[in-house]
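S.K.: Quick check, what structure comes out for this input:
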Amino acid sequence: MKTMKQSRRKFTAKFKAMVAVEALKERESLSELATRFEIHPTQVSAWKREFLERAGKAFGEEPSKEEESVDVDNLFKQIGQLQVENDFLKKSCRIRIDQL
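M.R.: Take a look at the predicted model:
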């Protein structure tokens with residue numbers, strides 16, 4: 001007998017936020033919230049954790065452009081240094097091959 005394949009449920013960001021806020025209130029246990037919203041208790045915890053991690057973005061807390069440019073500059077320096085080292089190693093290998 002064939003069973004019908006159940007599709008995954010998709011939750012909106014608004015629903016996830018509502019569940020996370022209810023979890024933060026701590027008026028009900030995670031299992032009670034999970035039963036009320038018909039989801040797994042682990043999912044409630046995950047949404048709560050994600051909500052807290054991203055809370056700063058709600059008030060405009062983002063990495064400044066200066067921090068990003070410093071990282072890019074550092075990466076370009078590292079690339080340049082690696083290219084110099086790579087060229088040096090290629091030349092030293094050619095010299096050794098020529099000596100053989």
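S.K.: From here on, just use CA atoms for contacts and neighbour counts.
M.R.: OK.
S.K.: For stretch 84-93, output the C-alpha coordinates as CSV.
M.R.: What follows is stretch 84-93, C-alpha atoms only, in CSV (Å, rounded to 0.1, in the frame of the first residue of the first chain):
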residue,chain,number,x,y,z
VAL,A,84,56.3,36.3,-3.9
GLU,A,85,56.9,33.1,-2.0
ASN,A,86,55.5,31.0,-4.8
ASP,A,87,57.7,32.8,-7.4
PHE,A,88,60.8,32.3,-5.2
LEU,A,89,60.1,28.6,-4.8
LYS,A,90,59.5,28.1,-8.6
LYS,A,91,62.9,29.8,-9.3
SER,A,92,64.7,27.7,-6.7
CYS,A,93,63.2,24.5,-8.1
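S.K.: quick one: contacts of that stretch?
M.R.: For stretch 84-93, contacts defined as CA atoms under 8 Å, 6 or more residues apart in numbering pick out no residues.
S.K.: So what's the gap between that stretch and the chain middle?
M.R.: Distance, stretch centre to chain centre, for stretch 84-93: 37 Å (CA atoms, centre = their mean, to the nearest Å).
S.K.: And stretch 76-88, by the same measure?
M.R.: That offset, for stretch 76-88, works out to 30 Å (CA atoms, centre = their mean).
S.K.: tell me the mean pLDDT over that stretch?
M.R.: For stretch 76-88, mean pLDDT is 91.
S.K.: One more: stretch 33-47?
M.R.: On average, stretch 33-47 scores 95.
S.K.: list the buried ones in that stretch?
M.R.: Residues 33, 34, 41, 44, 45, 47 are the ones in stretch 33-47 that count as buried (16 or more other CA atoms under 10 Å).
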